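*Asks:* need a 3D model of the sequence below.
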Amino acid sequence: MEHYGLPAAALTFALSNASGLARVVASLGGYMIFTTGILLSEALGYNIGSLEDAAALIVFFDLGSCYTVWTLRAHINLRFLLAMTLPWMICELIGTRVLIVNSESPWMKRSFGILLFVVLVVDAFEQYRRNRHASSTGSDTSPQKAQALGHPTFAGRELEDAPTTPPAEPAEANAEDDASERARVLQKRPAPVGFDVSRPRDLAKAIALGATGGLLKGMYTVPMPALTMFILFSGIDKDTWRANAVLNAVAGLTTKAYYLFVLENRFDERRIPQYIATVLGVICATPLGNFIARRINKETFKDFVRAMTFTGACSMLAAGTAAAVWAVLSAFSCSCAVAFCRFRARAPSPTSQQSGEGGSQMASGSAPVREEAPTASV
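*Replies:* Reported below is the predicted structural model:
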């Protein structure tokens with residue numbers, strides 16, 4: 001039995017608020033949380049709508065996201081948006097055709113779950129490779145490398161015991177040695193960091209995101225694998241991603257509204273309180289989501305994306321079974337707990353901050369200030 005009125009609107013508001021929080025923080029997982037919440041309400045015996053009704057509610061969910069776009073307007077990159085949106089629209093039509101042909105097959109959703117797990121495995125392998133590379137490069141702390149880069153070197157007690165005047169050496173030989181050492185260390189310049197769509201390589205990444213994201217959106221209605229791969233490996237700034245991804249989702253609002261409410265006649269007057277609650281839920285979640293996003297670093301942001309991806313993978317693998325909703329809740333709880341533990345592990349402790357301040361004083365060469373003993377006056 002489906003429910004209407006204020007109780008259903010209150011539950012829809014809470015569901016829209018949680019989904020809007022995920023969209024504002026990461027621009028990922030909002031649709032998945034909203035759809036899972038509707039299925040969960042049906043499993044708990046308080047049905048607030050079917051999946052067909054969820055499509056109409058999502059239109060109003062995107063309508064409330066217009067306020068999110070307004071709050072993030074300073075981070076919108078029109079070149080990146082066009083490079084992503086144009087191939088997205090074309091490939092989404094191709095994916096929709098594939099979905100129509102294979103809509104009855106349960107392996108469509110299961111293959112989507114397998115694809116999400118493949119993304120997580122690739123990300124885990126990439127993290128392992130980066131950590132191993134960082135440990136190998138961090139072990140090279142020779143004094144010659146530090147001197148070549150112009151950094152001060154310390155040798156512990158030897159600094160105190162060393163004579164104040166160095167032994168006489170030819171100045172020309174020292175200059176040649178320093179120049180050769182600096183040339184050897186700086187021979188390999190680091191690759192450009194971050195994401196800039198004006199670079200051809202990053203422009204190709206944006207176009208690939210639009211093509212794969214649109215294809216997956218048409219085939220599975222959720223483009224999560226393409227979005228996850230782009231967030232984890234492109235190096236894009238989280239605020240730039242949030243602004244342009246939400247705007248890309250809102251861009252198709254009028255088309256979806258015309259198709260559902262005019263051509264398919266899906267507008268239900270009994271659900272008007274739920275429509276209003278959906279819009280208000282996203283609007284109320286936007287300030288809190290922006291507050292959280294400003295206070296998390298890039299690695300915590302990626303952990304949140306991994307949690308959403310793992311939840312989506314479990315959701316699709318359990319599609320069509322009786323335990324689908326509970327599998328999603330378990331996966332979401334476990335993945336969020338792991339992300340929170342990683343966040344706490346990265347947070348600096350007070351003792352490390354004090355030691356870091358002491359180390360910075362030693363590195364700068366400033367000796368600790370000693371208090372002078374008070375002198376007795378006659």
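
*Asks:* can you pull the phi/psi pair for the residue lying closest to residue 32 once chain neighbours are set aside?
*Replies:* Spatially, and ignoring its direct neighbours in sequence, residue 32 is nearest to residue 312 (5.4 Å; Cβ to Cβ, 6 or more residues apart in numbering). Any C-beta I mention is one placed from the backbone N, CA and C, and that applies to glycine too. In this entry, residue 312 is assigned phi and psi values of phi -60, psi -40 (degrees, to the nearest 10).

*Asks:* so residue 312 versus residue 305, what's the distance?
*Replies:* When Cβ to Cβ, to the nearest Å is the yardstick, residue 312 and residue 305 sit 11 Å from each other.

*Asks:* all helices of the stretch 251-378 of the chain, in order?
*Replies:* Using DSSP state H, counting those that start in this stretch, the helices assigned to the stretch 251-378 of the chain run over residues 253-258, 272-294, 298-317, 324-346, 350-363.

*Asks:* please apply the same query to the stretch 51-200 of the chain.
*Replies:* Under the criterion DSSP H, counting those that start in this stretch, helices of the stretch 51-200 of the chain are mapped to 51-71, 78-101, 107-138, 143-148, 158-161, 171-185, 200-220.

*Asks:* now for the closest residue to residue 95 other than its chain neighbours, how many residues are close by?
*Replies:* The shortest distance from residue 95 to any residue other than its chain neighbours is 2.3 Å, reached at residue 218 (Cβ to Cβ, 6+ apart). Here the neighbour count serves as a burial measure; for residue 218 (other Cβ atoms under 10 Å) it reads 20.

*Asks:* residue ranges with poor pLDDT in the stretch 201-350 of the chain?
*Replies:* In the predicted model, the stretch 201-350 of the chain carries pLDDT under 70 at residues 220-221, 319-320, 322, 348-350.

*Asks:* the same query, at a cut-off of 90, please.
*Replies:* Confidence mapping of the stretch 201-350 of the chain against pLDDT under 90 gives the ranges 202, 210-242, 245, 248-272, 274, 292-350.

*Asks:* give me the number of residues near residue 54?
*Replies:* Applying other Cβ under 10 Å, we find 18 residues neighbouring residue 54.

*Asks:* again with residue 23
*Replies:* A count of neighbours around residue 23, defined by other Cβ under 10 Å, yields 28.

*Asks:* tell me the mean pLDDT for the strand or helix carrying it?
*Replies:* Mapping residue 23 onto the secondary structure by DSSP states H and E places it in helix 5-26. In this model, helix 5-26 carries a mean pLDDT of 87.

*Asks:* CA atoms of that helix as CSV?
*Replies:* Included here for helix 5-26 are C-alpha records, laid out as CSV according to Å, rounded to 0.1, in the frame of the first residue of the first chain:
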residue,chain,number,x,y,z
GLY,A,5,0.3,13.2,2.6
LEU,A,6,2.6,14.8,5.3
PRO,A,7,4.1,11.6,6.7
ALA,A,8,5.2,10.5,3.3
ALA,A,9,6.5,14.0,2.6
ALA,A,10,8.5,14.0,5.8
LEU,A,11,10.2,10.7,4.9
THR,A,12,10.8,12.0,1.4
PHE,A,13,12.4,15.1,2.8
ALA,A,14,14.8,13.1,5.0
LEU,A,15,15.7,10.9,2.0
SER,A,16,16.2,13.9,-0.3
ASN,A,17,18.4,15.5,2.4
ALA,A,18,20.7,12.5,2.7
SER,A,19,20.9,12.1,-1.1
GLY,A,20,21.5,15.9,-1.5
LEU,A,21,24.3,15.7,1.0
ALA,A,22,26.1,13.1,-1.0
ARG,A,23,25.6,15.1,-4.2
VAL,A,24,26.9,18.3,-2.7
VAL,A,25,30.0,16.7,-1.1
ALA,A,26,31.1,14.5,-3.9
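
*Asks:* buried residues of it, list them for me.
*Replies:* For helix 5-26, the neighbour count (16 or more other Cβ atoms under 10 Å) marks 8-9, 11-13, 15-26 as buried.

*Asks:* same thing with stretch 198-205?
*Replies:* Of the residues in stretch 198-205, those with enough neighbours to count as buried (16+ other Cβ under 10 Å) are 202, 205.

*Asks:* related to what we said a few turns ago, now the residue nearest to residue 32: how far from residue 68?
*Replies:* Relative to residue 68, residue 312 is positioned 21 Å away (Cβ to Cβ).

*Asks:* tell me which of those two has more neighbours.
*Replies:* Under the neighbour definition other Cβ under 10 Å, residue 312 and residue 68 were set side by side, and residue 312 has more, 30 against 27.

*Asks:* ok, the more buried one - contacts?
*Replies:* For residue 312, the residues meeting the contact criterion (Cβ atoms under 8 Å, 6 or more residues apart in numbering) are 29, 32, 113, 116, 222, 224.

*Asks:* need the pLDDT of the fourth one.
*Replies:* In other words, residue 116. Residue-level confidence at residue 116 comes out at 72, pLDDT.

*Asks:* just give me the neighbour total for it.
*Replies:* If we define neighbours as other Cβ under 10 Å, then residue 116 has 25 of them.

*Asks:* can you pull the contacts of the nearest residue to it once chain neighbours are set aside?
*Replies:* In space, not counting the residues next to it along the chain, residue 116 is nearest to residue 313; the distance is 3.6 Å by Cβ to Cβ, 6+ apart. The contact partners of residue 313, taken as Cβ under 8 Å, 6+ apart, are 113, 114, 116, 117, 120, 331.
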